[in-house]
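**Q** Build me a structure from this.
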Amino acid sequence: MILPIPMALLWAVEASRLERVPLEWPELQRLFKREVGTYYPTSRHTTTRNPRSSAYGLAQFIGKGPIGSLTGTWKSVGIRKTSDPVMQIRGIYRYCKRRYGSVAKALSFHRRRGFY
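**A** Predicted coordinates:
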């Protein structure tokens with residue numbers, strides 16, 4: 001039996017290729033679980049909003065304003081606020097690389113502190 005490949009894995013493969021970074025799939029899965037509550041996010045999770053803040057998308061980046069705006073965490077990674085999952089994951093890779101060195105190190109920080 002052939003199992004279907006999760007869309008999130010395909011998005012992550014494309015994002016890692018575009019960012020020229022290693023695919024950190026197990027770590028991304030765990031980060032998704034902590035941020036949006038699922039190991040295999042779907043396109044509906046790319047528009048997930050935190051009702052208590054301006055956090056948005058797979059990474060729950062902070063940024064007030066409509067789609068296409070460039071504020072907060074979105075601005076820090078050079079990506080406009082978007083519902084495009086590949087761009088969101090590219091942002092995750094950029095943020096994690098700049099702040100922690102890798103997604104694995106960001107996840108380790110998240111485990112200790114409850115945020116990344």
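**Q** Just the mean pLDDT for stretch 2-16, thanks.
**A** What stretch 2-16 shows for mean pLDDT is 90.
**Q** Pull that stretch out as CSV, backbone CA atoms only.
**A** Presented in CSV, the C-alpha positions along stretch 2-16 are these (Å, rounded to 0.1, in the frame of the first residue of the first chain):
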residue,chain,number,x,y,z
ILE,A,2,1.3,3.4,-0.9
LEU,A,3,0.6,6.1,1.7
PRO,A,4,-0.1,9.6,0.4
ILE,A,5,2.6,12.2,0.9
PRO,A,6,1.4,15.0,3.2
MET,A,7,1.0,18.4,1.4
ALA,A,8,3.0,20.0,4.2
LEU,A,9,6.0,17.8,3.3
LEU,A,10,5.8,18.9,-0.4
TRP,A,11,5.6,22.5,0.7
ALA,A,12,8.7,22.0,3.0
VAL,A,13,10.7,20.3,0.3
GLU,A,14,10.0,23.3,-2.1
ALA,A,15,10.8,25.9,0.6
SER,A,16,14.0,24.2,1.6
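**Q** Could you list the buried residues of that stretch?
**A** Residues of stretch 2-16 classed as buried: Pro6, Ala8, Trp11, Ala12, Glu14, Ala15, Ser16 (neighbour count, 16 or more other C-beta atoms under 10 Å). For glycine as for every other residue, the C-beta is placed from the backbone atoms N, C-alpha and C.
**Q** From these, pick the one nearest Thr71.
**A** Nearest to Thr71 among the buried residues of stretch 2-16: Ala15, at 21.3 Å, using C-beta to C-beta.
**Q** what residue ranges in the protein score low on pLDDT?
**A** Low-confidence segments of the chain, defined by pLDDT under 70: 1, 3.
**Q** show me the contacts for the residue nearest to the spatial centre of it.
**A** For the chain, the residue nearest the mean C-alpha position is Ala59 (3.5 Å; C-alpha atoms, centre = their mean). Residues counted as contacts of Ala59 (C-beta atoms under 8 Å, 6 or more residues apart in numbering) are Leu31, Glu35, Thr73, Gln88, Ile89, Gly91, Ile92, Tyr95.
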